[in-house]
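In: Need the 3D shape of this:
(chains A and B)
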Number of protein chains: 2
Amino acid sequence: MNDFTFSMPTEVHFGKDKEKLTGKLIEYDKVLYVYGSGSIKKTGIYGRIENSLKENGIDFKELGGVQSNPRLSLVNKGIEICRKENIKFILAVGGGSVIDTAKAISIGVPYKGDVWDFYSGKAIIESSLPVGAVLTVPATASETNGYSVLTNEDGMYKRGLKNDCMKPVFAILNPEFACYLPKYYMAASVVDIFAHVWERYFTKIEHSDLLDRMCEGVFKTLISKGPDAVFERDYDSVSEIMWASSIAHNDTLGAVGDFGSHRTGHEISAEYDLSHGGSLGITMCAWAKYVYKEDINRFCRFAVHVWDVEYDFENPEETALEGIRRMERFILDLGIPTTFKGANLPTDCFEKMAERAVDNDLGYVGGGFKKLFKEDIINIYKLGE
Amino acid sequence: MNDFTFSMPTEVHFGKDKEKLTGKLIEYDKVLYVYGSGSIKKTGIYGRIENSLKENGIDFKELGGVQSNPRLSLVNKGIEICRKENIKFILAVGGGSVIDTAKAISIGVPYKGDVWDFYSGKAIIESSLPVGAVLTVPATASETNGYSVLTNEDGMYKRGLKNDCMKPVFAILNPEFACYLPKYYMAASVVDIFAHVWERYFTKIEHSDLLDRMCEGVFKTLISKGPDAVFERDYDSVSEIMWASSIAHNDTLGAVGDFGSHRTGHEISAEYDLSHGGSLGITMCAWAKYVYKEDINRFCRFAVHVWDVEYDFENPEETALEGIRRMERFILDLGIPTTFKGANLPTDCFEKMAERAVDNDLGYVGGGFKKLFKEDIINIYKLGE
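Out: Numbers count the residues shown, from 1 in each chain, chains lettered A, B, ... in the order given. Below you'll find the predicted structure:
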């Protein structure tokens, strides 16, 4: 097993009505209440949190309007409010974008420079405000991890940041809130969660049997409960998906991964404003078809342990491919396209997207399983055409 | 999925040489250094920790001699040293007994009354000192959980306590340290870890597919890597067992369980000074044979998912029993007896032990799967005769 460092300090409160704890968990008399498009007002979640704050004598200022691929400008607005109002606690009520925005504000308030410095690698975080999260969209695990992804509109750069100090102090997971998610978004979430496990599963790390088997358990849960969560949206299935979403990307299943599917997917999202899960539907399948020969045994294990494919002793490659085919069928059955054409996207920007993907210090993405240079990425996009 | 609360704030440092971090992780200039029988002096672990403390200018007082089923008297001695020396940090270097002792000291120092008050339910913990752990015996998960088990020599009462404030601030897991474990103790550890997963797996909680599948992943790792860890003691296999030990009992796999096998096993340990894992070898098999009819489907799942038993559609009960038989064979193959006779223990104290087991406010033990009253426990002991 590889060396690692791990902690999960966020106090998770999982279950019905747990949002009632929100105010009790906050030891400040004023907070910044960050949320998204306003759907939480329609569903009543906004009011339930508002009540909990009021009952505990907590005043708040609002910052609504967080969108997918959250923007630096809104973060700066939040930082300004906190400074002006002397706010020392950020409460995020929403999905990953809302929580990522709250985290960015939390590190920006005590910092004298531009908060983007942290995301662009120009500065190291020295202090931060505490963040609490009430989750409505199970997908990114931002509620229990130290990641934040932000987009700088000046150039549309999307950058991720990881730091333990950004792990929320508490996370409230009431599966009822996730039951409000429209069908497509629940499906995209299931694909995103699958992808977080996938990135950790397909590496070349040896002797990681425990983490591999735990990953396989999460895959199987997504396969058995994902369709119910999408099409029935019943509390029990959504519960499984909601906790799986946290487990999948808070390093319980290991911190090291490939992330080639994510990085090639990010560019599709950026170019066409496609949901994160939507882009992963395309790139996971195409990536698998492009890289499986790097380690056929690994893809056979995926096929046999995760998809119950019978191992073909005379043709292991066929076993590997059958696993990929079953995954593709699973994603399609959730209603998520696995090709550019299926998603009604043009196929004429592969070169441009590939170029942007490798526009980093390394000149490639991925690497845990296979390094992807520009030509590799174009080939992957072509396989997903 | 049932409602739950979860956090794992302990900062885990896993890998070779990680003990070198010990001193750096402690922000106090004086600590109490708690350890066991002195085997860490023979293996050199004691000195490696001592060096790390000295390099970081940390003074220490020693408390050696912690034994299995750790005793209240030694805890009181530790409390006295801390008060006299104005020590504010407890460093545990050892297995579960050593860490449990350190935890008891950490809550005893700031408390004016008798520390046993916490274990007997007479007082609630209000404050505690921080504890750091360097693990040498992978088994109890005390290094990342909030449990402490203590024995009061005055009546030989053994009582457990759980509180988040007892979760260590850091845990150092260097698998090389666990490679020093004698064969029998490594085997007993594997059985103990298996039992921690087992207690969570056999409950009547519905809709816990995610946790069930993660449990199955850990079981399979123990089955595939346990024998190598015991008989080869190679770094890679021991690594898997070491991290599995933490995962198995720090509520990553769920906080709720039955614990009938544990509670009936405790009495065997207490009566005959048998190792904890040794007693579980007897009680898990006997418990399974006694209770499987309560939920044959559950035991069939265990047989099929964990032991790869082919499901017998004409006789599911036979499937369930085959799973239990394979588990018994696995434990025996590790060198751990699964009967009183096999362990060279007398069989004339069943009534006395059963009586002690149910000497609590409820009048029974277990309950997550089946409540065990005195007669049930005697029957279980008889099945393990």
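
In: Quick check on residue A:321: phi, psi?
Out: Residue A:321 has phi and psi values of phi -70, psi -30 when expressed as degrees, to the nearest 10.

In: That one reaches residue A:292, doesn't it?
Out: Yes - between residue A:321 and residue A:292 there is a contact under Cβ atoms under 8 Å: 7.3 Å. No exception for glycine: its C-beta is placed from N, CA and C like everyone else's.

In: Please enumerate the shared neighbours of those two.
Out: By Cβ atoms under 8 Å, 6 or more residues apart in numbering or on different chains, residue A:321 and residue A:292 have these common neighbours: residue A:299.

In: Where do the domain boundaries of chain A fall?
Out: Chain A resolves into domains spanning A:11-177, A:183-383 when parsed by automatic domain parsing.

In: Now distance to chain B and mean pLDDT too, for those, in JSON lines please.
Out: Below are the domains of chain A laid out as JSON lines (distance: least, Cβ to the nearest Cβ, whole Å; pLDDT from 0 to 100):
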{"stretch": "domain A:11-177", "distance to chain B": "3", "mean pLDDT": "96"}
{"stretch": "domain A:183-383", "distance to chain B": "3", "mean pLDDT": "96"}
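
In: Export these to TSV and append columns for mean neighbour count.
Out: Conversion of those to TSV gives the following (neighbours: other Cβ atoms under 10 Å in any protein chain shown):
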stretch	mean neighbour count
domain A:11-177	20
domain A:183-383	21
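
In: okay, the ones you listed in JSON lines with distance to residue B:264 next?
Out: Compiled in JSON lines, the domains of chain A are given as follows (distance: least, Cβ to Cβ, whole Å):
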{"stretch": "domain A:11-177", "distance to residue B:264": "31"}
{"stretch": "domain A:183-383", "distance to residue B:264": "28"}
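
In: what residues are up against residue A:25?
Out: Contact analysis of residue A:25 by Cβ under 8 Å, 6+ apart lists A:11, A:13, A:132, A:169-170.

In: Using CSV, write out the CA atom coordinates for the helix or strand harbouring residue A:230.
Out: Under the criterion of DSSP states H and E, residue A:230 resides in helix A:209-231. What follows is helix A:209-231, C-alpha atoms only, in CSV (Å, rounded to 0.1, in the frame of the first residue of the first chain):
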residue,chain,number,x,y,z
ASP,A,209,-6.4,-4.5,-2.4
LEU,A,210,-8.3,-3.0,0.4
LEU,A,211,-9.0,0.3,-1.4
ASP,A,212,-9.7,-1.6,-4.7
ARG,A,213,-12.3,-3.7,-3.0
MET,A,214,-13.9,-0.8,-1.3
CYS,A,215,-14.1,1.0,-4.6
GLU,A,216,-15.7,-2.1,-6.1
GLY,A,217,-18.3,-2.0,-3.3
VAL,A,218,-19.1,1.6,-4.1
PHE,A,219,-19.3,0.9,-7.9
LYS,A,220,-21.8,-1.9,-7.2
THR,A,221,-23.9,0.3,-5.0
LEU,A,222,-24.0,2.9,-7.8
ILE,A,223,-25.0,0.3,-10.3
SER,A,224,-27.7,-1.2,-8.1
LYS,A,225,-29.1,2.0,-6.5
GLY,A,226,-28.3,4.6,-9.2
PRO,A,227,-31.2,3.9,-11.6
ASP,A,228,-33.7,3.9,-8.7
ALA,A,229,-32.3,7.2,-7.4
VAL,A,230,-32.7,8.6,-10.9
PHE,A,231,-36.1,7.2,-11.9
